[in-house]
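S.K.: the following comprises the amino acid sequence and a computationally predicted model.
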Amino acid sequence: MLNANTREISYIEAIREALDQSMAQDDRVIVIGEGVPDPKAIFNSTLGLQEKYGKDRVFDMPLSENGVTGTCIGASISGMRPVLIHQRMDFALLSLDQLINNAAKWHYMFNGKSNVPLVIRMIIGRGWGQGPQHSQSLQALFALVPGLKVVMPTTAHDAKGMMVSAIKDNNPVIFLEHRWLHSIIDTVPESMYEVPLDKAKIIHEGSDITIAAFSYMTIEALIATRALLSIMEISVELIDMRSVSPLDSQTVIDSVKKTGRLIVADTAYKTGSIAAELISQVLEGAFESLKEAPIRVCSPDFPTPTAPSMTEGYYPTSGTIADAVLKLLGKDSRANSYQELKLTIARKGMHDIPNREFKGPF
Amino acid sequence: MSPNLAYQFLYSMLRIRRIEEGLAKRYAEQEMRCPMHLCIGQEATAVGVGVALSVSDKMYSNHRAHGHYLAKGGSLNAMIAELYGRASGCCGGRGGSMHMIDLDVGFMGATPIVGGTVPLAVGSAWASKLQKKTDVTAIFLGDGCFEEGVVHESLNFAALHHLPVLFVCENNDFSVYTRRIERQPDRPIHQIAAAHGIKTAHGDGNDVELVFNLTNNALEDLRAGNGPWFLEFSTYRWREHCGPDYDDHLQYRTSQEAENVKAVCPIATFERFVLDTQLLSRADIEKMESDIQAEINQSFAFALADHKPTLEDARAYVYA
């Protein structure tokens, strides 16, 4: 039977649809955040929700990240299912006390007697001078706290399914969206469906090398993967990690047992990154399979500057990933077709606006 | 005041006092291996509020929670077992003295990050409003809370959404050994709540009847949808900040000051009142004392007989 559902929508539309359908299905779901009902509607992800579900369920919030996080925790303990939204992950740092001391521990410290079903959307900014306090990608910070779940869907399909799962989950879930994924489209079923919060997904099968990528870096890795195959006949197995905590290292270990080589592409600073943790787990689980030392492709260990002349080259790209692949395969810029490869995957246009080289679907 | 209400006030205050004295006496045995903050001297605020609330009302508290938990009707067996780190403790041994919970009586939780549970209580009241329930959530917070940003954020949110939350500030003038005047400008704390547009009342926290009456008055208004409310009561911590002993030898306060406060002991004062007015007799009070002692002995025996959870047990409940 043909799959009739070939509708394509963007990541942000997929998030909006997940919120809409979850609110329609369950009147315990409420949505709150700075700008939720305003004309910009969190990049349109909450558009029309207040009109549809009323001011009792869809709120703007005071500029009180810590207080409102605590308020959402209290409401969730008493039976609500709040979705709290921060337009930048950086703003959520004001709420670390409530997230780490209360949300993450409530179920544990009270012996399983009560729990905190709470979703917190945090958006990772990039480009157009977002600078040191509007572009941090601190997933590892949240992942080191037992009791929090942390997910970073890459595709619109997974964004919808994982948002539905996150809202149904009985734990606090940190839901991380990279701003440069918001306009990428994918095939997204209209019906409500769930995608698990703890499973990586192989999005391109291959045999020479494994790339495990987080969030937006999956896009850069996919561009590199396709070009490496078509131009150099290098077969990459690309894994979209999708979740950070729990971290599905088993899927990566299984892949590395096949390929013997590993690159982890992360959106974060290199030191202390979840990429480092993933490599540790792969070393513990598949050390004897590795033919080369794994490589982390991450942002450098200094804050993101603002001036375009300083950000050019700051973020790793598909080119960075391709170079890492060649290195692990014992090749370099003298390889046949190297110039063609680099030309094919080079960014067109300015580096500080979203990459349009891949628009979806996957 | 009816004899029944007088009995309830005295019984609840005396029970908290005797339980904590029992804890203090046994603490040196080092079998209760957790930090413990006693509320001896502050019983009237817990009881005045606790008696006024219904079972369906909710309560959150802080690190000095024994009195609040007991006044709301929390299980004594589960509390003592928790202090001894036993499996039947209210947190199964995970929390100790600073983490009390008894959902059966609406005691939603107490934790020791200063101000940490204040927004949770606001969220609890928010949920009640969204669910169109009539219950009220009470939150006990100390004077130190007003140096925490999250408390101001919570007052703002509660006032903005007219939530059925009752803030009860127990102002005992100390944060550990530091007086309020060294931490805050010299202004009444309740004026902070008033500045948020919240209705307030304040009074002597040693007067259980006054605490009860002010709470009842606030509850009536809260149930009519006119929340939030803020009550400030002056009170005094008799013993050390953390632990079972007296610490006046540290000279952060004079022993004279501590003695003066004992002269206005909330329990002794109320006891004199009920005897003078013949609401209760000496025999009533003696019976009360022996009932309380019997219950305490039984609870300590229960706790000590209970089994100890293991490291393997500690792995459970990271996720729901």
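M.R.: Here it is on my side, so go on.
S.K.: chain neighbours aside, what residue packs nearest to residue 289?
M.R.: Since no chain was named, I'll use chain A. Nearest residue to A:Ser289 in three dimensions, chain neighbours excluded: A:Lys257, at 4.6 Å (CB to CB, 6 or more residues apart in numbering or on different chains). The C-beta positions use only the backbone N, C-alpha and C, and glycine is treated the same way.
S.K.: my question was about chain B, not that one.
M.R.: B:Leu14 (7.0 Å).
S.K.: what bridges to B:Trp229?
M.R.: B:Leu166, B:Lys199 (DSSP bridges).
S.K.: so it sits against B:His202, correct?
M.R.: No - assessed by CB atoms under 8 Å, B:Trp229 is found out of contact with B:His202, at 11.6 Å.
S.K.: and the two? Which one has more around it.
M.R.: B:Trp229 (26 against 18; other CB atoms under 10 Å in any protein chain shown).
S.K.: can you give me the strands in chain A?
M.R.: With strands called from DSSP state E, chain A shows them at A:8-10, A:29-33, A:58-59, A:81-86, A:118-124, A:149-151, A:172-178, A:185-187, A:201-204, A:209-213, A:236-240, A:243-245, A:262-269, A:295-299.
S.K.: what's the closest of those strands to B:Arg26?
M.R.: strand A:172-178 (37.6 Å; CB to CB).
S.K.: which residues touch the closest one?
M.R.: Contacts to strand A:172-178, defined as CB atoms under 8 Å, 6 or more residues apart in numbering or on different chains, come from residues A:11, A:15, A:73, A:89, A:99, A:103-104, A:116-124, A:126, A:137, A:139, A:142, A:147-153, A:159, A:162-163, A:166, A:197, A:215-216, A:244, A:267.
S.K.: what about whichever residue of the stretch 151-300 of chain B sits closest to chain A, how many residues nearby?
M.R.: Nearest residue of the stretch 151-300 of chain B to chain A: B:Glu153, at 2.6 Å (CB to the nearest CB). Here the count is done by other CB under 10 Å, and B:Glu153 has 25 residues near it.
S.K.: tell me the SS of B:Met13?
M.R.: Under DSSP: H, G, I helix; E, B strand; the rest coil, B:Met13 falls in the helix class.
S.K.: hang on, isn't the residue nearest to A:Ser289 packed against A:Ala286?
M.R.: Yes - counting by CB under 8 Å, A:Lys257 sits close enough to A:Ala286 to count as a contact (5.3 Å).
S.K.: if you count surrounding residues, which of the two has more?
M.R.: Using other CB under 10 Å as the criterion, A:Lys257 and A:Ala286 rank with A:Ala286 on top: 21 against 15.
S.K.: any chance you could map the helices in the stretch 101-250 of chain B?
M.R.: B:118-130, B:149-160, B:190-195, B:208-223 (DSSP state H, counting those that start in this stretch).
S.K.: where does the residue nearest to the spatial centre of chain A fall, phi/psi-wise?
M.R.: The centroid of chain A falls nearest to A:Met152 when counting by CA atoms, centre = their mean (2.4 Å). When read as degrees, to the nearest 10, the backbone of A:Met152 gives phi -140, psi 70.
S.K.: show the contacting residues for the closest residue to it other than its chain neighbours.
M.R.: Nearest residue to A:Met152, sequence neighbours excluded (CB to CB, 6+ apart): A:Ser215, at 4.0 Å. Contacts for A:Ser215 (CB under 8 Å, 6+ apart) come out as A:Ile124, A:Ser137, A:Met152, A:Pro153, A:Thr154, A:Leu176, A:His178, A:Leu181, A:Thr267.
S.K.: as a markdown table, the residues you listed with pLDDT would be great.
M.R.: Listed next are the contacts of A:Ser215 as a markdown table, based on pLDDT from 0 to 100:
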| residue | pLDDT |
| --- | --- |
| A:Ile124 | 97 |
| A:Ser137 | 97 |
| A:Met152 | 98 |
| A:Pro153 | 98 |
| A:Thr154 | 98 |
| A:Leu176 | 98 |
| A:His178 | 98 |
| A:Leu181 | 97 |
| A:Thr267 | 98 |
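S.K.: low-confidence ranges, chain A, go.
M.R.: A:1-4 (pLDDT under 70).
S.K.: how's it carved up into domains?
M.R.: A:8-187, A:201-345 (automatic domain parsing).
S.K.: now do the end-to-end distance for the longest one.
M.R.: Terminal residues of domain A:8-187 lie 4 Å apart, using CA to CA, to the nearest Å.
S.K.: most packed of the strands of chain A?
M.R.: strand A:209-213 (a mean of 29; mean count of other CB atoms under 10 Å in any protein chain shown).
S.K.: so what secondary structure elements neighbour that strand?
M.R.: Packed against strand A:209-213 by the contact rule (3 or more CB pairs under 8 Å, 6 or more residues apart in numbering or on different chains; DSSP states H and E) you find helix A:217-232, strand A:236-240, helix A:249-259, strand A:262-269, helix A:318-328.
S.K.: against which helices or strands is the shortest one packed?
M.R.: What that stands for is strand A:236-240. Taking 3+ CB pairs under 8 Å, 6+ apart as the contact cut, strand A:236-240 packs with strand A:201-204, strand A:209-213, helix A:217-232, helix A:249-259.
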